[in-house]
Each structure stands twice: as structure tokens, then as C-alpha cells.
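**Student:** After the sequence you'll find the predicted model.
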Amino acid sequence: MPNAEFIFSDVQKTLSSGSFTWETPSNIALIKYWGKHGNQLPANPSLSFTLSASATKTTLKYFPVENKSSKIDFEVIFEGKPTESFKPKIAQFFERVEEFIPFIKNYKFEIHTENTFPHSSGIASSASGMAALALCLMSMEKEINPEISAAYFSRKASFLARLGSGSAARSVEGPMMIWGEHPAVKESSDRFAITNPFEVHAVFKDYQNTILIVDKGKKEVSSSLGHQLMIGHPFAKARFDQAYVNLELLIDILKRGDLKEFIKIVESEALTLHAMMMTSSPYFLLMKPNTLEIIQQIWKYRKENKSHLCFTLDAGANIHLLYPAAEKEEVLNFIQTKLTPFCEDGEFIQDQIGKGPRKI
Ligand code: DP6
């Protein structure tokens, strides 16, 4: 029973009403998770930078109940307003995690949540949101059982977060996370993410991430559907194999600080993700004309300025720019003069690699 270590059985103690708050950053994958099987298990390992400014702040208020019902009773209050639309995903999360934190049946909950980034910016908050909720639940577990170690706390928080949203597994710590078993990464697991255990070159310690908001609309294709499209995809096996190879290459590049090779892997991963969507059945085109305009501009700028600016993409039209802190001034100037015309309402979010969540 591989998950036995995460089952909490001592539910004797019931807490009186209380609350926990965690501010949890989003993350950006460099090696992409795209394709899953079983209970939220990834088809290939992924590696991400944990962000700093783009975060979700969640307060979990809990109230003991006399009569346990079969379903967890909870309300979601997003930016101060009760929000029904968030409930199905959270209800599913509670169903999936109940086996591992059975004490939740003894409480009803109010989940107060808000993002530091604008809601209609096309940025998904499922990674930061699910990770924040998982951390709050782990704080409850620690209150009930203070014996648990810090390592167990993080590992189980990642394990629970994964059951809410795969990429959330990588948001419970920073600054670089690996999720998914890889033979070259000893402690790696499909069930939870770990911090990158290898040495990392100083250039990456304060790597910059600017998110260009090309399209504020909701994603056209949900990640869940996208992952499903990898089942039976004609290029799935080649893609999964490639991710294993790229992850190992990237670990070495991160050690050596080889920015040229970094750019090759990171941009290729982003374009491959989109290529998978273009070649699935049904097929989707998630970039917008302005996404392509920006990519062309980045390539031109990089060549003309011998810069190390590069990009990655999520499953949408927005662009994540990645570059060393030493180039920040010039790159910001380039963004402001050349790239903001391609952003919706000229908007972008300035961020950088971060240390991980904060308990408040
Ligand atoms: C393109 O984690 O959102 O951002 O597990 O169904 O919730 P679910 O999917 P999700 O997928 C993220 C996909 C991605 C790549 C990545 O973050 O690795």
C-alpha cells in the first residue's frame, strides 16, 4: 500500500474552532506535466520554478460539528464574496483527501481565499490555491498531532495538493521543485514533489519571471481536458520520453549555469506542449496572434542584444518571460517599449523565483 504513510489514523482529539492562513505562490513549469493516469499521477516528471509575487492567500476556518455527514460541509469566500463556482473542484478535492485526513469529517469549513494577481488575468490559480488549502489542512493535522516532522508536513502537503491539481504539488515549497519519478533523482516520486536536491548555479537564484497578459479570458481548454487528450495521442510516447531526457539535461544545465542550453530546453518544452495540443484529437490552438508576435520579438531581441531572455508558456496564450536578474533593467525597458502593445490593456506581472509558501 504505497500511500499508507500518508494516512492519519489518530483522530481522537477534536480541535475547537480556529483557523490557519497560508500564502502560497504559483509556479511555472520548465519541464511540463502534460498527461496523467490513475489518481492524479503524472505521465512524466516535471520541474518548476516556484514564483514569489503571484500567490494565493487562503484562510481555512474550521468549526467542530456534532453530526458527521457523508459530505464535507464548506463555503468558499473568494475576495470577500461567497463563490459557488469554486465549490465543485474543492468538493472533489475533499473527497479525494478524506482517506488521508479523516479528521476533516469532524468539522465544517469556511475557505476565505484571494489572489495577489488580478482574477481576470488569464492566470490559473489552481496550483497556488490547492497548495494553500493543502497546507492549511496540514496545519490542522499538525495541531492534532504535533509529533509530525517538518519533512513529513511538506511531503504530505504536496501529496494532498496533487490530488487537487497536479501542478499544485510543486507549489508547497521552493525555489525549484521536481514532481514525478525519475531514475536520476533519487527521492523523486509520482505521488509528491520534492525540492530540486542538486546544486544550482547562482545565476538562477534570483531568476526573473515577467508574465505578459496576452489574453485575460478564461482558458479555452481546461488542463483536465488537455491531459486527457494525451491518452491515445499519436505522439504521446515520444513526448513522455523527451520529458525524461530534458529533465536530466536541465538538472545539469541548472548546475552549470549554461544559459544557452537552458533557453533551448525551456522554449522547446513550451512549444512541444502547444504542439501536443495542435496534434491531438480534437485539436486546439491555444496561442493568439499576439503570442506569436511576442515570440518573434523575443528572438529578434535576443539575437540583437546577445541577451538570455527566453519564454515559456502554460496551456494558454500568456507568455512567461525568463531572464537573469542582471538583465532586468534592459529587459524591462524592452517589455515596456516593444511587448506591452501586444498585451491586453498593456498588462504584465513582474515576478521572480521564490522561496515558497508562508504561514501567516
Ligand atoms: C500546462 O496541474 O492544471 O501548466 O492536474 O488536471 O489540475 P490538473 O492539471 P494542471 O496542469 C498543468 C499543466 C501545465 C504544465 C505544468 O504546470 O507542468
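**Tutor:** Sure, I can see it.
**Student:** element containing E66?
**Tutor:** Under the criterion DSSP states H and E, no helix or strand holds E66.
**Student:** What count of nearby residues applies to it?
**Tutor:** By other Cβ atoms under 10 Å, the residues close to E66 number 5. Heads up, the C-betas are built off the backbone N, CA and C, glycines and all.
**Student:** swap in M138?
**Tutor:** Counted with other Cβ under 10 Å, M138 comes out at 26.
**Student:** what's near enough to touch it?
**Tutor:** F153, K156, A157, L160 (Cβ atoms under 8 Å, 6 or more residues apart in numbering).
**Student:** Next, give phi and psi for the last one.
**Tutor:** In this case it means L160. Dihedral pair for L160: phi -70, psi -40, per degrees, to the nearest 10.
**Student:** Could you measure from it over to the ligand?
**Tutor:** 13 Å (Cβ to the nearest ligand atom, to the nearest Å).
**Student:** What of the second one?
**Tutor:** To the ligand, K156 is 18 Å away according to Cβ to the nearest ligand atom.
**Student:** show me where the stretch 1-150 of the chain has helices.
**Tutor:** 87-97, 126-144, 150-164 (DSSP state H, counting those that start in this stretch).
**Student:** Rounded mean pLDDT for the longest one, please.
**Tutor:** Helix 126-144 shows a mean pLDDT of 97 in the predicted model.
**Student:** now do the first one
**Tutor:** In this model, helix 87-97 has a mean pLDDT of 96.
**Student:** Tell me the residues of the stretch 101-250 of the chain that contact the ligand?
**Tutor:** Residues of the stretch 101-250 of the chain that fall close to the ligand, judged by Cβ under 6 Å from any ligand atom: S126, S165, G166, S167, S223, S224, H227.
**Student:** Looks like the second one contacts M130 (just checking).
**Tutor:** Yes. The criterion here is Cβ atoms under 8 Å, and S165 meets it with M130 at 4.5 Å.
**Student:** Give me the more crowded residue out of the two.
**Tutor:** Taking other Cβ under 10 Å, S165 and M130 do not tie; M130 has more neighbours (28 against 23).
**Student:** Where does pLDDT dip in the stretch 1-150 of the chain?
**Tutor:** 1, 10-11, 119-122, 124 (pLDDT under 70).
**Student:** repeat that with 90
**Tutor:** Under the criterion pLDDT under 90, the flagged ranges of the stretch 1-150 of the chain are 1-5, 7-14, 66-70, 117-125.
**Student:** That one: strands as residue ranges?
**Tutor:** 18-31, 36-37, 41-42, 46-64, 74-78, 81-82, 107-115 (DSSP state E, counting those that start in this stretch).
**Student:** same check, this time on the stretch 201-350 of the chain
**Tutor:** 208-212, 310-313, 319-323, 348-352.
**Student:** The stretch 201-350 of the chain: helices as residue ranges?
**Tutor:** 223-228, 236-256, 259-278, 289-305, 328-334.
**Student:** so how far is the ligand from L247?
**Tutor:** Distance from L247 to the ligand, by Cβ to the nearest ligand atom: 12 Å.
**Student:** shouldn't that residue be in contact with L47?
**Tutor:** Yes. Using Cβ under 8 Å, L247 makes contact with L47 at a distance of 5.7 Å.
**Student:** The two: who's more crowded?
**Tutor:** L47 (28 against 23).
**Student:** Dump the contacts of M138 to JSON lines, plus pLDDT, distance to L332 and neighbour count.
**Tutor:** What follows is these, written out as JSON lines (pLDDT from 0 to 100; distance: Cβ to Cβ, whole Å; neighbours: other Cβ atoms under 10 Å):
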{"residue": "F153", "pLDDT": "97", "distance to L332": "37", "neighbour count": "16"}
{"residue": "K156", "pLDDT": "98", "distance to L332": "39", "neighbour count": "26"}
{"residue": "A157", "pLDDT": "98", "distance to L332": "34", "neighbour count": "30"}
{"residue": "L160", "pLDDT": "98", "distance to L332": "38", "neighbour count": "27"}
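**Student:** now, which of those residues sits nearest E304?
**Tutor:** Nearest to E304 among the contacts of M138 is A157, at 44.6 Å by Cβ to Cβ.
**Student:** what about L313, distance to S171?
**Tutor:** 18 Å (Cβ to Cβ, to the nearest Å).
**Student:** And P341, by the same measure?
**Tutor:** For P341, the distance to S171 equals 32 Å [Cβ to Cβ].
**Student:** How about the residues of the stretch 251-360 of the chain by the ligand?
**Tutor:** For the stretch 251-360 of the chain, the residues in contact with the ligand (Cβ under 6 Å from any ligand atom) are L273, D314, A315.
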